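Novice: Take a look and give me a structure for this.
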Amino acid sequence: MPKYARILFILLSAVLVFSGCTRKQAPTQLGGGGVTGSDAGNDFGRDIVPDSIASDWGDIPSGLEPRNPGAGFGDDGTYTDSSGNTWKMVEGMFPSVYFGFDSSAISASERGNLQQAADYLEANPSHQILIEGHCDWYGTAEYNLALGDRRAESASNYLGTLGITPLRVEKLSKGSLESTSGISKTQSSQDRRADLIILQ
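Specialist: Okay, the predicted model is just below:
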């Protein structure tokens, strides 16, 4: 092979190899909603489900099962936990635990409410507790569900430091489902809470 033909062959080979290495594969689409894997969530989950695909959630495959099948509220004031046990709910025995705006940290002023609940559970070992995380109306519904979950988890973790095993704690996020919309952040402070409900 002539010298020039060999050089030309090497250059063409190099161009083909490098062009193959730099080609990027198109992102895989999720759920037909036009959102790629890299766009599906961002910075601490503020927009866990972008509004552009929220309407596509109705097309979830029928083979999927709920996380806690059978868990939920009864019309007679009962709650069925994730294990299928049915409990009588007793609300209002303890004050709610309140949180700062966009926060799941338990302040020193709210720890006494959890101490009361822990003392009750220690004295009544057959009872359990349901912690409902709530949010105000600010932010997306999806973000508020995640924040409500973090608030319930934070309260549960604090009960753990007081000696209450996680097996006696049920957690539920209601997000902003029961919040009052259109009011100021100061006025909506009562919506930023975790309710402590005894299960008997």
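Novice: In its sheet, which strands sit next to the helix or strand harbouring Met89, and in what direction?
Specialist: Met89 belongs to strand 86-90 when assigned by DSSP states H and E. Strand 86-90 sits in its sheet next to strand 78-80 (antiparallel), strand 193-199 (antiparallel), going by DSSP bridges.
Novice: pLDDT-wise, which helix or strand of this structure ranks last?
Specialist: One helix or strand of the chain scores below all others by mean pLDDT, DSSP states H and E: strand 35-36, with a mean of 34.
Novice: just so I know, which of the strands paired with strand 86-90 lies nearest Ala118?
Specialist: For Ala118, the closest of those is strand 193-199, at 10.0 Å, according to Cβ to Cβ. Where you see a C-beta, it was placed from the backbone N, CA and C, and this is true even at glycine.
Novice: which residues sit against that closest one?
Specialist: 79, 81, 87-91, 93-99, 113-114, 117, 120, 127-134, 151-152, 154-155, 170 (Cβ atoms under 8 Å, 6 or more residues apart in numbering).
Novice: Using PDB, write out every CA atom in it.
Specialist: C-alpha atoms of strand 193-199 as PDB (Å, rounded to 0.1, in the frame of the first residue of the first chain):
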ATOM      1  CA  ARG A 193     -48.500  20.600  61.000                       C
ATOM      2  CA  ALA A 194     -48.400  16.900  61.900                       C
ATOM      3  CA  ASP A 195     -51.500  15.600  63.600                       C
ATOM      4  CA  LEU A 196     -51.100  12.900  66.300                       C
ATOM      5  CA  ILE A 197     -53.900  10.400  66.300                       C
ATOM      6  CA  ILE A 198     -54.100   7.500  68.700                       C
ATOM      7  CA  LEU A 199     -55.000   4.100  67.300                       C
END
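Novice: Lovely, talk soon.
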